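Peer 1: one predicted model, sequence on top.
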Amino acid sequence: MVPGAPSAPLAAEGTSAGDGGERGLVQSFRLGDLVPLSVSSVGPMFSVAATGGVMAAEAGWWTLPAIAVLALPFIVSSFVFRLLNRHFPHAGASYHWSARIVGRGPSRFQAWVLIVAYFFSIPPIAIPAGSYSLALVAPHYDAPAVVHMLVTLLWIGFAGVPLLLGGRPTARITQVFFAVEMVSLVSFGVIGALRWPRISVPIHFGPPPVGGILVVAVVAATILDGWEIDSYAAEESRRPRDHPGLGGIAGAIGALLFYAILYPLMLGETPLRELSGSPDPLAAWARHLVPGEPWAMLVPILASTAGGLWLTSFILTRALYAMGRERLIPRRFARLNRNHVPHVAVLSSLGMAALICALQLFVSSLASFFGLVLAAAGFFLLAEFFLDSITAVVFLTTGHRRLPDVALQPHAHPGLLAGALFSSVVMGLLLVGFFLYGPKAFGGGIDATLATLLGLGVAFAWWTRRWAGPPVTFAGADVVDRAQPEGRLERLRLPRS
């Protein structure tokens, strides 16, 4: 598709797409763009750096089975997302799937969960980006809050650049940072494996801390998510019913493989006392792995952090764009700039994230507030995937009655149905368990915070029923480019899947 050409038409639910449609997002992503987006959005190195200290403090070596507890439902979810993408490609992804399959009331609540999950995921990325930058350029400088905030603002502003330029520039810049991170991951894995005999520490699991394992499993949602970005990029994919979901599967499996290598090496080559509660556990590992060369770890961490920052924002802005288009939130969030980017959604989400960062740096205790925001992000990300699993169960059992226009027989995918049921049970139990054990790790205020945010979600769903419009469906005809003898490109629309 020629850049700048109009995307596939849109239509309200129950109607057919109009001939002209309305101007929308540009279909420009190929599968080769979606896979790096999915892997980089997970941000393996940043994820370990941001959460490794909390995990080591709560569960020690039991961090490994705690991550495994959540990894399987997330891998299953990637295949479920693939199925739902084939039927309902949409910039709103899970929020839209819920509206089409479960109902508009529950979808409005899920929209709130989605907003909170990804919005609360931005500050825990932006603030460490400032910290790592200062550690790289001024390793012995004890930066005051105002300097830390200025550097954090620079990163937030930098994250807005690719987002405002459009999908293709975002993909290209991401690929550069992705390459740096992948080379670093392989290098540290090889160096760690070679140095293991000389710097390994005793492996001691001890009695299983049930509460700590549950807390780590919920926090692990922040390191196992991100691969779903290609679902929110469906309307910008050249093959919206084919490619979205494939990148997510690659990202989910890739992230699990990275953690399966990095976490055992980090725990096995660094004394637990140095990792437990550390704001930068990878730096502690690097002191043993590559002594005297802190930049060797900080550069790839920054590359990972940068990609995670703008790609997490990408997910949120596409969701806000879809919600604005359906008048669930002000319609200005659906406005596009000349690059076909929802610029109001980009600027609003990053601006609000900057305010949260300022609150964290200037008003609250940095450690306690960071933990609170991180825990809330993990809880609502897990809640988002839990609701997606419920949506999939409904779709695979009663979808033939709810959606007569969708050619789906009940129990047509028994393996996916079993996986969705399994994911729903595991994630639901973890959410309940976090209410029981979360206060021990993050203070008594965490339960009240989560309960308040959930209550606001119910109020949001009730209040917005007055003006929310019907779901807008994406026509989603696949588009391919065919080179002509003259060298020009001809747009071909293929039959829908």
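Peer 2: Everything's here; your move.
Peer 1: what mean pLDDT does the host helix or strand of Phe385 get?
Peer 2: Element membership of Phe385 [criterion: DSSP states H and E] is helix 366-402. Averaging pLDDT along helix 366-402 yields 83.
Peer 1: and if you look at stretch 261-269?
Peer 2: Per-region confidence: stretch 261-269 scores 86 on mean pLDDT.
Peer 1: what sits up against that stretch?
Peer 2: 44-45, 48, 52, 56, 61, 63-64, 67, 185, 188-189, 192-193, 195-196, 199-201, 203, 275, 281-282, 285, 288-289 (Cβ atoms under 8 Å, 6 or more residues apart in numbering). For glycine as for every other residue, the C-beta is placed from the backbone atoms N, C-alpha and C.
Peer 1: now restrict these to buried residues only.
Peer 2: 44-45, 48, 52, 56, 61, 63-64, 67, 185, 188, 192, 275, 281-282, 285, 288-289 (16 or more other Cβ atoms under 10 Å).
Peer 1: restricted to strands, list those residues.
Peer 2: Taking DSSP state E, every one of these sits outside strands.
Peer 1: for the helix holding Phe385, which positions count as buried?
Peer 2: Residues 369-396, 399-400 are the ones in helix 366-402 that count as buried (16+ other Cβ under 10 Å).
Peer 1: swap in stretch 340-347?
Peer 2: His340, Val341, Pro342, His343, Val344, Ala345, Val346.
Peer 1: and of those residues, the nearest to Ile315?
Peer 2: The closest of the buried residues of stretch 340-347 to Ile315 turns out to be Ala345 (Cβ to Cβ; 11.0 Å).
Peer 1: A strand includes the closest one, no?
Peer 2: No. Assignment of Ala345 by DSSP: H, G, I helix; E, B strand; the rest coil gives helix, placing it outside any strand.
Peer 1: next up, the contacts around it.
Peer 2: Leu316, Thr317, Arg318, Leu320, Tyr321, Gly324, Phe333, Ala334.
Peer 1: mind checking which of those are in helices?
Peer 2: Per DSSP state H, helices hold the following members of the contacts of Ala345: Leu316, Thr317, Arg318, Leu320, Tyr321, Gly324.
Peer 1: just list what the helix or strand where Leu416 lies packs against, helices and strands only.
Peer 2: Following DSSP H and E, the helix or strand that holds Leu416 is helix 414-442. Applying 3 or more Cβ pairs under 8 Å, 6 or more residues apart in numbering; DSSP states H and E, we find helix 414-442 packed against helix 63-87, helix 210-219, helix 366-402, helix 445-463.
Peer 1: show me what counts as buried in the second one.
Peer 2: So that's helix 210-219. Gly211, Gly212, Ile213, Leu214, Val215, Val216, Ala217, Val218, Val219.
Peer 1: nearest to Leu359 among those residues?
Peer 2: Using Cβ to Cβ, Val219 comes nearest to Leu359 of the buried residues of helix 210-219, at 21.1 Å.
Peer 1: pretty sure that closest one is touching Thr51, no?
Peer 2: Yes. Using Cβ atoms under 8 Å, Val219 is in contact with Thr51, at 5.6 Å.
Peer 1: now for those two: what residues contact both?
Peer 2: Leu374.
Peer 1: give the buried residues for stretch 293-302.
Peer 2: Applying 16+ other Cβ under 10 Å to stretch 293-302 flags Pro294, Met297, Leu298, Pro300, Ile301, Leu302 as buried.
Peer 1: now do the contacts for the fifth one.
Peer 2: Think Ile301. Residues near Ile301 by Cβ under 8 Å, 6+ apart: Met45, Phe46, Ala49, Tyr132, Leu282.
Peer 1: try it again at 6 Å.
Peer 2: Met45, Phe46, Ala49, Tyr132 (Cβ atoms under 6 Å, 6 or more residues apart in numbering).
Peer 1: per-residue confidence for the residue nearest to the second one when sequence neighbours are not counted?
Peer 2: It refers to Phe46. With sequence-adjacent residues excluded and distances taken as Cβ to Cβ, 6 or more residues apart in numbering, Phe46 is closest to Ser304, at 3.9 Å. pLDDT, Ser304: 87.
Peer 1: relative to Arg325, how far out is Ser304?
Peer 2: Distance of Ser304 to Arg325, given as Cβ to Cβ, to the nearest Å: 32 Å.
Peer 1: how about Leu150?
Peer 2: Going from Leu150 to Arg325 by Cβ to Cβ gives 35 Å.
Peer 1: what's the answer for Leu316, then?
Peer 2: Plainly put, Leu316 is 15 Å away from Arg325 if you go by Cβ to Cβ.
Peer 1: what's the answer for Glu293, then?
Peer 2: Per Cβ to Cβ, Glu293 is found 49 Å from Arg325.
Peer 1: how long is stretch 215-223 from one end to the other?
Peer 2: Distance across stretch 215-223, first residue to last, is 13 Å (Cα to Cα, to the nearest Å).
Peer 1: restrict stretch 156-173 to CA atoms and write it as PDB.
Peer 2: The C-alpha trace of stretch 156-173 is given here as PDB (Å, rounded to 0.1, in the frame of the first residue of the first chain):
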ATOM      1  CA  ILE A 156       9.200  11.100  27.500                       C
ATOM      2  CA  GLY A 157       9.600  13.800  24.800                       C
ATOM      3  CA  PHE A 158      11.900  11.400  22.800                       C
ATOM      4  CA  ALA A 159       9.300   8.700  23.000                       C
ATOM      5  CA  GLY A 160       6.800  11.000  21.500                       C
ATOM      6  CA  VAL A 161       8.900  11.600  18.400                       C
ATOM      7  CA  PRO A 162       8.500   8.200  16.600                       C
ATOM      8  CA  LEU A 163       4.900   8.000  17.700                       C
ATOM      9  CA  LEU A 164       4.000  11.300  16.100                       C
ATOM     10  CA  LEU A 165       5.900  10.600  12.900                       C
ATOM     11  CA  GLY A 166       3.800   7.500  12.200                       C
ATOM     12  CA  GLY A 167       3.800   3.700  12.200                       C
ATOM     13  CA  ARG A 168       6.600   3.100   9.700                       C
ATOM     14  CA  PRO A 169       9.100   5.500  11.400                       C
ATOM     15  CA  THR A 170       8.200   3.900  14.800                       C
ATOM     16  CA  ALA A 171       8.900   0.500  13.300                       C
ATOM     17  CA  ARG A 172      12.200   1.500  11.800                       C
ATOM     18  CA  ILE A 173      13.500   3.200  14.900                       C
END
